[in-house]
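Novice: Next comes the sequence, and after it the predicted model I'd like to discuss.
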Amino acid sequence: MKLTLAAFLAVLLAIASPVDFGLSGAYAMTGLVGFEAETVCRKPPTSPYESSFGLSPGSPSPPPPVISKNIADAWVGTWDTVTSDGRVYTLDFYEQGNRLEGFVAHADRRFAARFSGALSPAGNEVTFTLTEPVTGDISRGRLHLTNKETFEGSFSRDRVPNTTFSWHGTRKQ
């Protein structure tokens, strides 16, 4: 079966709204050569959600999630933490641009472990590196907030690459 351009356009316009093609709101189409077409009239869409794809104004897609302007706020502050291998840290987190930075509190800053992390778009997760200058240990992992006062996650140490440790923290009051 050979489909002529006129027949193709007639079928296309019969199933789609003229507004979808930038045409006026109502039109009539009849009498194409060798093809019967019925009159097609549709009201123009009443919202940006309505289209020829079956969406109606009552069923819009959900809006994108609202992301806090300052996503690091949930992490900023002092946290008491413990790792599964028994290391205990009190970390001070602060915002540095779009990153979360930190250090071990109450230690000489030249020797304190340094935390550097990239926040997820929602701000509830951080992928981090923890560097301990005195020992040379470097740990890498991911933490996520379980609520406003606690986080949990896991990491591995470069010196022990096949072992995963857990890390839990509680916001210091």
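Specialist: Done, it's in.

Novice: Could you break this structure into its assigned domains?
Specialist: According to the domain assignment given by automatic domain parsing, the chain is divided into the following structural domains: 1-62, 71-171.

Novice: worst average pLDDT in the ones you listed?
Specialist: Set side by side, the domains of the chain show their lowest mean pLDDT on domain 1-62, which sits at a mean of 51.

Novice: Run through the bridge partners of residue 103.
Specialist: Using DSSP bridges, the beta-bridge partners of residue 103 come out as residue 92, residue 114.

Novice: which residues sit against stretch 132-148?
Specialist: In this structure, residues lying in contact with stretch 132-148 by C-beta atoms under 8 Å, 6 or more residues apart in numbering are 74-75, 110-114, 117, 124-131, 151-159, 165, 167, 169, 171. Every residue, glycine included, has its C-beta placed from N, CA and C.

Novice: 7 Å instead?
Specialist: Contact partners of stretch 132-148, identified using C-beta atoms under 7 Å, 6 or more residues apart in numbering, comprise 74, 111, 113, 124-131, 151-159, 167.

Novice: likewise stretch 149-160?
Specialist: Residues from elsewhere that reach stretch 149-160, judged by C-beta under 7 Å, 6+ apart: 137-146, 163-171.

Novice: In it, which residues are buried?
Specialist: By neighbour count, with 16 or more other C-beta atoms under 10 Å as the criterion, the buried positions of stretch 149-160 are 151, 153, 155, 157.
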